Each structure stands twice: as structure tokens, then as C-alpha cells.
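K.L.:
When you get a sec, could you give me coordinates for this:
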Amino acid sequence: DEGVALMRSLKDIIDPKGILNPGVILNDDPQAHITHLKPMPAVQDTVDACIECGFCEPQCPSLNYTLSPRQRIALKRRQTSLKESEVITEISEAFSHLAVDSCAATGLCASACPVGIDTGQWIKQIRGRRDNGRATQLVSDLAAKHTDKALSIARFTLNTGHKVKGVIGEKSFNRITDTLHLPQLHNSIPKASQYKTYTSQYHAKTSQNLSEAGFNAITHANALASDIDKVAEIDAEYPLKVPLNSEQPNCSENELEKAREKALSSLLSQAASKVVYMVSCPSKVFGGNANEKSVIQAVISLCNKANVDVVFSSSNNLCCGQPWDSEGEASTASDKLTAWKEEAYALSEQGRWPVIIDNSACAYNVASKSTEDSQPNKINTLEVSEYLLRHISPRVKVGKTDGPIMLHIGCSSTKLDAGVAINALANLCTSNVIIPSDITCCGFAGTKGFTTPGLNESALAPLASQVPEDCYRGVSNSVTCAIGLSLHSGVVYSHIAV
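P.N.:
Below is the predicted model:
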């Protein structure tokens, strides 16, 4: 009591009118602990536990563009607590852009939230409930049913746009797209992918099974002798000779032949393995940068050097469902994911071979969601950075440089493995890897980089100033992220596989 009295005396001397922090430290009201509480009306179970601490804000790409996750929740609470219909309508109209359309919905906010609130998931639920109009829903349904045709249209549009821009010039082309409210086709956007050309020759390999009737391990091993020698040159740990002692006593010719066949089969399994490559939709649309391979070509080339057979699906209608999940269309997203996993399960021979995905967002979507049938969930899915690090880099010679490379660790990589795989892979290629600060998500978010370019621009505002003068290259593990990174950094970003 004496201490409090002394504090009151000092307070009266310094602040006689009681205008500084009134009632916070010294308060005579016995009900002060339940007075003037901040109203936090319930809006949805997903976010009701939010205490608006703001820990999520540094993770959010829209922080300096529209609203942070904390502000999205606070605005919805404010709308809920109001009674004036005009103000409620005004907030509702503003909420559509400020909170819903400008949210990347990556869920990185949950990684910093003390109670694990995923505001992105809440936003996706809101998107799923809103009425986008019959035309928009029809386009979405048709794209889900005919994904191959939708991707073909996207490639055709991309190629046509590049050709028209080449004829009339970039300024004239951009004036046309601005007038029509279409995305700009800037130079960092690659030309269309030719993935069908890249992958068609590998479909036949899916039917070849080393255990099928009539397969002769010795004949096949001899036919692949040159390939085995190449693998032996690449990795000194691979056996150069068949480990067999032909002078074993009491060994008949037939037993010797079986032993040799078994040994050669063992050698073949070590020298040649297989991987199922489920190409992501972005890589089906976008090819490589100028004078570069596409990510599909790069992965095929690396696997060939490591003597790994690459298996592709012959179905062009597959998609992991990520685009529909982002828009809150949970049922469609689930159906697409189920079909994707069933195909991957069959191609991988019921999980025998790993399944790789070349887009980090797709890899996370597949890894984080399960299908009703438990069997397809047993497939070993790997984001391509992890696969290249674990299975390919030990088998090939990597030429390391000391040139600087900008590395973008995307939000999905952060959630998958904290970016460990892509960081390690980049460090195998150069001793000078630069990870820019204050960038957690690039804000491209699938198609947001095209439809809401301000989000991408704001998220990457700190990037260009962190690029060294002698740096001309950047890497990521997403084709679409690389587009935005190239545009706002001044250097060309490529997929890490390239």
C-alpha cells in the first residue's frame, strides 16, 4: 500500500489532470478488470480464437497492400458488431477486395499465430460461400471436367499474345490489354510449354515391367551395359563388376546361371531406378525462359544422366485440385485430388516408386490432404527439389560456382520442410546463395499475379534493393513464383531444376 501511495503521489505531481494513460496502472474502480473490454464478436469458428496480437502480420504478403490477417478478422468483427445498415453495406463491399480477393491464402499466418489460426483457410471458406455468378461457376466446372482443354486454351492464348506483342510492340499491346482489363504480358512471362512433346516418348515405358514374363535380366543388363558404365563413372560407389565367384565348389552350371542372373538383376536395380513425374499445371502452361530448358526438360535430362527412368501419365486431364481449393470449391478440389492420387498410385506400382511434383504449392497440397480411399495416400510424393537432392545429386557431377544466386523459399516450401531441400540444392550449385530478408511469400499465389498484380508488387517491394550488382540469376521451385520474382527483381528467376 505504501508503494502504491508513493506512485499516486508521483502521478499527481507529474500528471495532475490524469491525462496520461488514465486508469491503466492506477485505477480506483474495483470493476476495472471487466470494464471497457474490447468487443470481439464471433464471426466464424476458424478465427474466433484470434486475440488480434498481430504476430501473423510479418508473414502476410498483403500487409502493405490491403489488410493483414489480424486486420481482416478485426474488420469482420467490426461489421458484425454494427447496427447501421449503410455502414455494414459499405464494409461488406470493401471487404471483398481488401480481405478476400487480395488474400494469397497461403496459410503462412498460421505458422506465426500463437493459437495456429489459418486466416487463409477462413478466406477460402468465404470464397466458397459467395455467389460468383453463373458464368464464372460454369467456367470453373468446365475447367474441372476438361482440364486438358483449359490448359490448351491457356497455352494458345499465351503463344498468341507473345506473337501479337512481337508484331505491334509491347507498349501498344499493353494499351490493348489495359483497355480490355486483361493481364499484362510482360517479358518475364515465358512462352507456352510444349510438355506433350517432351513427355510423349516416355509413356511407353510405363508398360515395361522388369518382372514381366519373358524378361531376361542378363540380356537386358548386357543391352544396358553402356548405361551402367556411365553410371559407374558418375558415382564411384556403383559396382563395376558383378559380385560373383564363378569358382565356387559344388556349383552346377544351372545354379551358376541363376546366381549370375540374380547378381546382374541386383546390379541393374542399383544402376537404374524409376520415378513417376506428375507434371504440375503451371509447367504444362509455361515453358522455359529464353535460351533455357523448361522445368520438364531439365528434370528429364537430370534423371537421364542419373540413369533413372521417368514415367509420365498419358492422361492430360489431371490436376491436384489446388486451383479449386484456393477458391474454396472443396468438393471439386477433392475430386480432382482423388483422381490425381489414384493415377499416381497406379503409375508408381502401388507406391513402389517415388512420385515427384515440380511445383511446391501442388506438392504441399498433395502431401497435406488425404483421399477417402487410404491406398492412394501411401504414395511417396516428393517436391522435386527434395527428390533431386536425395536421389539425383549423389548420382551426377554438380559443377559448383562462386557466382551469386538469389534464392526464393516459397510459402509452400516453408510449410513442407522449412525450405531445407531447395536451400541445400542451391548450395550444391554455388557457394554464394542469397536469401533476401523480409520476403516470406511472393504474393503471386497461383493466378493472383495476373488478376491482382498489386499484391505481387507489394510483397516483393523489398527484393530489388537486395540483389547484388554482379547477380544475374535467381531460383525458386515454382514456375509462377519465378515470373513475379523476375519482374520485380531485375534478374531472371528460373526453376531450381533448370
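K.L.:
Does the residue nearest to S370 when sequence neighbours are not counted fall in a helix, a strand, or a coil region?
P.N.:
Spatial nearest neighbour of S370, excluding adjacent residues (CB to CB, 6 or more residues apart in numbering): N377 at 5.0 Å. (Glycine included, C-beta is placed from N, CA and C.) Following DSSP: H, G, I helix; E, B strand; the rest coil, N377 is assigned to helix.
K.L.:
what's N377 in contact with, if anything?
P.N.:
By CB atoms under 8 Å, 6 or more residues apart in numbering, the residues touching N377 are K341, S370, T371.
K.L.:
Give the buried subset of those residues as a ChimeraX selection command.
P.N.:
Here is the ChimeraX command that picks out the buried ones among those, judged by 16 or more other CB atoms under 10 Å:
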select :341,371
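K.L.:
Tabulate the contacts of N377 in CSV, adding columns for secondary structure.
P.N.:
Shown next, in CSV, are these (three-state DSSP):
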residue, secondary structure
K341, helix
S370, coil
T371, coil
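K.L.:
got the contacts of N377 as CSV, with pLDDT and distance to D15 columns?
P.N.:
Below are those laid out as CSV (pLDDT from 0 to 100; distance: CB to CB, whole Å):
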residue, pLDDT, distance to D15
K341, 95, 66
S370, 89, 60
T371, 85, 65
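K.L.:
okay if I get the contacts of N377 as JSON lines plus distance to L98?
P.N.:
JSON lines is the format used below for the contacts of N377 (distance: CB to CB, whole Å):
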{"residue": "K341", "distance to L98": "36"}
{"residue": "S370", "distance to L98": "34"}
{"residue": "T371", "distance to L98": "35"}
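K.L.:
re earlier: tell me how far the residue nearest to S370 lies from A363.
P.N.:
According to CB to CB, to the nearest Å, N377 stands 15 Å off from A363.
K.L.:
Flag the shaky bits of the stretch 51-200 of the chain, pLDDT-wise.
P.N.:
Along the stretch 51-200 of the chain, no part satisfies pLDDT under 70.
K.L.:
which residues in it form helices?
P.N.:
Along the stretch 51-200 of the chain, the segments classed as helices by DSSP state H, counting those that start in this stretch run 69-81, 85-95, 108-112, 119-129, 134-145, 147-168, 170-179, 195-199.
K.L.:
Nearest to T480, out of the ones you listed?
P.N.:
Nearest to T480, of all the helices of the stretch 51-200 of the chain, is helix 147-168, at 12.0 Å by CB to CB.
K.L.:
for the closest one, which positions count as buried?
P.N.:
T147, A150, L151, S152, A154, R155, L158, G161, H162, K165.
K.L.:
before we move on, what about stretch 382-400?
P.N.:
For stretch 382-400, burial by neighbour count (16+ other CB under 10 Å) applies to 382-389, 391-393, 395-396.
K.L.:
what does stretch 127-134 give?
P.N.:
Going by neighbour count (16+ other CB under 10 Å), the buried part of stretch 127-134 is R127, G128.
K.L.:
again, but for stretch 32-42
P.N.:
For stretch 32-42, burial by neighbour count (16+ other CB under 10 Å) applies to M40.
K.L.:
Kindly check the end-to-end length of it for me.
P.N.:
Using CA to CA, to the nearest Å, one end of stretch 32-42 lies 24 Å from the other.
K.L.:
which stretches of this structure form strands?
P.N.:
With DSSP state E, the ranges of strands along the chain come out as 273-278, 308-311, 355-357, 381-383, 401-407, 430-434, 473-476, 492-495.
K.L.:
show me what contacts S393?
P.N.:
Contacts of S393 (CB under 8 Å, 6+ apart): L425, L428.
K.L.:
what does the model give it for pLDDT?
P.N.:
Here the pLDDT value assigned to S393 is 91.
K.L.:
what's near enough to touch the spatially closest residue to G403 that is not a sequence neighbour?
P.N.:
Nearest residue to G403, sequence neighbours excluded (CB to CB, 6+ apart): T430, at 5.8 Å. When contacts are counted by CB under 8 Å, 6+ apart, T430 is found next to K400, T401, D402, G403, P404, I405.
K.L.:
Neighbour-wise, give me the winner out of the residues you listed.
P.N.:
For these, the largest number of neighbours (other CB atoms under 10 Å) sits with I405, at 22 neighbours.
K.L.:
shouldn't that residue be in contact with Y472?
P.N.:
No. The pair I405 / Y472 is not scored as a contact, 9.2 Å apart, by CB atoms under 8 Å.
K.L.:
Tell me the spacing between L389 and D417.
P.N.:
Note on L389: its distance to D417, by CB to CB, is 10 Å.
K.L.:
from the buried residues of stretch 382-400, which is closest to G128?
P.N.:
Nearest to G128 among the buried residues of stretch 382-400 is E383, at 26.4 Å by CB to CB.
K.L.:
list the contacts for that closest one?
P.N.:
E383 sits next to I356, I357, S360, A363, Y364, S412, S413, L416, D417, A421, N477 when contact means CB under 8 Å, 6+ apart.
K.L.:
Mind doing that once more with 7 Å?
P.N.:
Contact partners of E383, counting by CB atoms under 7 Å, 6 or more residues apart in numbering, are I357, S360, A363, L416, A421, N477.
K.L.:
just P16 next, same as before
P.N.:
Applying CB under 7 Å, 6+ apart, no residues contact P16.
K.L.:
any idea how far G454 lies from L98?
P.N.:
12 Å.
K.L.:
Looking at the two, which is more packed in?
P.N.:
Applying other CB under 10 Å to G454 and L98 shows that L98 carries more neighbours, namely 18 against 13.
K.L.:
Just to check, that one is in contact with S68?
P.N.:
No. In this structure, L98 is not within contact of S68 by CB atoms under 7 Å, at 10.7 Å.
K.L.:
What ranges does the stretch 301-450 of the chain have for its helices?
P.N.:
With DSSP H, counting those that start in this stretch, the ranges of helices along the stretch 301-450 of the chain come out as 322-326, 330-347, 360-368, 384-387, 411-417, 420-429, 448-451.
K.L.:
nearest to E170, of the ones you listed?
P.N.:
Closest approach to E170 among those (CB to CB): helix 448-451, 16.6 Å.
K.L.:
Point out the other helices and strands that that closest one packs with.
P.N.:
Counting contacts by 3 or more CB pairs under 7 Å, 6 or more residues apart in numbering; DSSP states H and E, helix 448-451 packs against helix 453-459, helix 479-489.
K.L.:
For A339, list the residues it contacts.
P.N.:
By CB under 7 Å, 6+ apart, the contact set of A339 is L318.
K.L.:
how about a cut-off of 8 Å?
P.N.:
So A339 contacts N317, L318 (CB under 8 Å, 6+ apart).
K.L.:
I'd like the strands of the chain as JSON lines, with distance to L463 and mean pLDDT appended.
P.N.:
Formatted as JSON lines, these follow (distance: least, CB to CB, whole Å; pLDDT from 0 to 100):
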{"stretch": "strand 273-278", "distance to L463": "30", "mean pLDDT": "93"}
{"stretch": "strand 308-311", "distance to L463": "34", "mean pLDDT": "93"}
{"stretch": "strand 355-357", "distance to L463": "26", "mean pLDDT": "96"}
{"stretch": "strand 381-383", "distance to L463": "23", "mean pLDDT": "95"}
{"stretch": "strand 401-407", "distance to L463": "8", "mean pLDDT": "95"}
{"stretch": "strand 430-434", "distance to L463": "11", "mean pLDDT": "95"}
{"stretch": "strand 473-476", "distance to L463": "9", "mean pLDDT": "96"}
{"stretch": "strand 492-495", "distance to L463": "10", "mean pLDDT": "96"}
